[in-house]
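*Asks:* What shape does this take:
(one chain, ligands or ions: 2)
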Amino acid sequence: MKIVVDENMPYAIELFSQFGEVVALSGRTISAEDLNDVDALMVRSVTQVNEALLMKANKLAFVGTATIGIDHLDQALLQQRNITYTNAPGCNAVSVGDYVCSALLVLAEQQSFVIADKKIAVIGVGNTGVQTVSRLTALGAEVMLCDPPRVEKEGLTGFVSLEQALQADIICMHVPLVKTGDNQTKHLLTSELLAGINQDAILVNCGRGDVIDNQALLDLKQAGHGMTLVLDVWENEPTPLLDLIPYATIATPHIAGYSLEGKARGTQMIYQAYAQLLGQPAERSISDILPVPAVSRLDVNQNADQTFAKSLVHLVYDVRRDDAIFRKNIMKAGSFDEMRKNYLERREFSSLRLVNDSHYAVESLYQLGFAK
Ligand SMILES: NC(=O)C1=CN([C@@H]2O[C@H](COP(=O)(O)OP(=O)(O)OC[C@H]3O[C@@H](n4cnc5c(N)ncnc54)[C@H](O)[C@@H]3O)[C@@H](O)[C@H]2O)C=CC1
Ligand SMILES: O=C(O)C(=O)[C@H](O)COP(=O)(O)O
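*Replies:* Ligands and ions are numbered 1, 2, ... in the order given. So this is what the prediction gives:
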């Protein structure tokens, strides 16, 4: 059995070697030749699994992507070729929620606002959107939900329209890139819709870059629109529109989902799916392999408020670390992928246990994701 894995997939060799020989390759450059006589392919979002890639895949029976997004897989082709495929729904959703929380707490301090006072909208209320909603709710905010595909299934109650959502003070985009069908999302935010966003609003994009017309966003910012931008994803990765970067207050190279736990969970989920396909037990587990976090326990001695939450959130993950690395390196050729490949270890809020022996009011910190 021969299995090709993306070299940036933590713990892939440890897990998949249960089934046979594992070959780790750079995801961006896996070629058709690399898949000759290969039984299974495990990718991340940078590998386009399409006709050209599968040309010489004479034995391929399984494709797993250790990601939530699935827009890089040609699903119709995989079905036609009878190749079983899976993604890893929700694997890094907690990490994305942590990222948004960290970013908004940076902006709250810089711009002197209280998150609970803001009108917030989450657009795309699936696994990642829900994680953002729960953190912002823990900080006292009321969050509007916008998700037309969910409205189609569940009805209007509890949801707002895209136009209403775009009137919020803080707009968080968690929309997948959908390229076919009735609910396509490329350039969901057109120049007209972007222009209608309030001058003092904050726009966060943690979904896919193509969901926002990046050139239109740049044109708008160059024309003096005041909105604050938090951009983790970009059109044309790994070569984002460089002129847009200075207009983003927080800019990162598509790492919102890059907690160690999130990436490891992705590997584990496709490992389990492959074991199931082979009819073998999934004998190995990431929980036996994950390292102990640098700080794993703290005693809390005050009630929770936004300032205290900020200190704890930024102790575990301060997004300014990634923003600084991005700005320092992005002008160098190849740096977008390099920064992702060499991403510094980052743990989820849940890696820190808060001990409250004195009955302080800290329930909101647990709702933010810290462990009890
Ligand atoms: N920046 C990063 O590191 C990461 C980015 N992502 C991206 O985020 C996307 C969302 O992830 P999940 O929330 O886990 O996916 P999900 O599939 O659980 O939820 C997506 C939600 O978006 C909704 N949606 C679809 N089209 C919409 C539209 N036009 N307007 C509003 N809502 C719409 C769907 O109905 C669904 O509820 C992924 O597809 C992936 O592209 C995911 C993980 C990490
Ligand atoms: O899970 C997703 O979807 C993501 O966007 C991942 O964070 C993408 O990570 P890579 O596969 O590009 O390493």
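*Asks:* number of nearby residues for the residue of the chain found nearest ligand 1?
*Replies:* For the chain, the residue closest to ligand 1 is residue 126, as judged by Cβ to the nearest ligand atom, at 1.6 Å. In short, each C-beta sits where N, CA and C put it, glycine included. Using other Cβ atoms under 10 Å, residue 126 is surrounded by 19 other residues.
*Asks:* what do you get for residue 102?
*Replies:* By the measure other Cβ under 10 Å, the count of residues near residue 102 is 24.
*Asks:* Could you pull up phi and psi at it?
*Replies:* In this entry, residue 102 is assigned phi and psi values of phi -60, psi -40 (degrees, to the nearest 10).
*Asks:* ok, now which ones touch it?
*Replies:* For residue 102, the contacting residues are 313-314, 317-319, by Cβ atoms under 8 Å, 6 or more residues apart in numbering.
*Asks:* Repeat that for residue 236.
*Replies:* 209, 214.
*Asks:* thinking again about what came up before, using CSV, lay out the contacts of residue 102 together with secondary structure and neighbour count.
*Replies:* Below are those laid out as CSV (DSSP: H, G, I helix; E, B strand; the rest coil; neighbours: other Cβ atoms under 10 Å):
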residue, secondary structure, neighbour count
313, helix, 26
314, helix, 17
317, coil, 20
318, coil, 17
319, coil, 27
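*Asks:* Need the max-distance pair from those residues.
*Replies:* 313 and 319 (9.5 Å; Cβ to Cβ).
*Asks:* quick one: residue 277 and residue 64, what's the gap?
*Replies:* According to Cβ to Cβ, to the nearest Å, residue 277 stands 9 Å off from residue 64.
*Asks:* So between these two, which is more surrounded?
*Replies:* residue 64 (29 against 14).
*Asks:* is it true that the more buried one touches residue 272?
*Replies:* No - counting by Cβ atoms under 8 Å, residue 64 sits too far from residue 272 to count as a contact (9.6 Å).
*Asks:* and residue 98, how many residues sit next to it?
*Replies:* For residue 98, the count of nearby residues is 30 (other Cβ under 10 Å).
*Asks:* and it, helix, strand or coil?
*Replies:* helix (DSSP: H, G, I helix; E, B strand; the rest coil).
*Asks:* Go ahead and confirm residue 60 touches residue 39.
*Replies:* Yes - in this structure, residue 60 is within contact of residue 39 by Cβ under 8 Å, at 6.9 Å.
*Asks:* Enumerate the residues of the protein near ligand 1.
*Replies:* Residues of the chain lying close to ligand 1 (Cβ under 6 Å from any ligand atom) are 68-69, 90, 92-93, 96, 123-129, 146-150, 174-178, 183, 185, 188, 206-208, 232-233, 254, 256-257.
*Asks:* Give the buried subset of those as a PyMOL selection command.
*Replies:* Per 16 or more other Cβ atoms under 10 Å, the buried members of the residues of the chain next to ligand 1 correspond to this PyMOL selection:
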select buried, resi 68+69+90+92+93+96+123+124+125+126+127+128+129+146+147+149+150+174+175+176+177+178+185+188+206+207+208+232+233+254+256+257
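*Asks:* all strands of the stretch 151-300 of the chain, in order?
*Replies:* For the stretch 151-300 of the chain, the strands defined by DSSP state E, counting those that start in this stretch occupy 170-173, 202-205, 228-231, 248-251, 297-299.
*Asks:* just those: most buried one?
*Replies:* strand 170-173 (a mean of 27; mean count of other Cβ atoms under 10 Å).
*Asks:* elements contacting it?
*Replies:* Helices and strands touching strand 170-173, by 3 or more Cβ pairs under 8 Å, 6 or more residues apart in numbering; DSSP states H and E, are strand 119-123, strand 202-205.
*Asks:* same thing but at 10 Å, please
*Replies:* helix 93-110, strand 119-123, helix 127-138, strand 142-146, helix 162-165, strand 202-205, strand 228-231 (3 or more Cβ pairs under 10 Å, 6 or more residues apart in numbering; DSSP states H and E).
*Asks:* Export only the CA atoms of that strand, formatted as PDB.
*Replies:* C-alpha atoms of strand 170-173 as PDB (Å, rounded to 0.1, in the frame of the first residue of the first chain):
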ATOM      1  CA  ILE A 170     -18.400  44.200  13.100                       C
ATOM      2  CA  ILE A 171     -18.900  41.800  10.200                       C
ATOM      3  CA  CYS A 172     -17.300  38.400  10.400                       C
ATOM      4  CA  MET A 173     -17.200  36.400   7.100                       C
END
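*Asks:* circling back to that earlier point, now tabulate the contacts of residue 102 in CSV and tack on pLDDT.
*Replies:* Output for the contacts of residue 102, formatted as CSV (pLDDT from 0 to 100):
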residue, pLDDT
313, 98
314, 98
317, 98
318, 98
319, 98
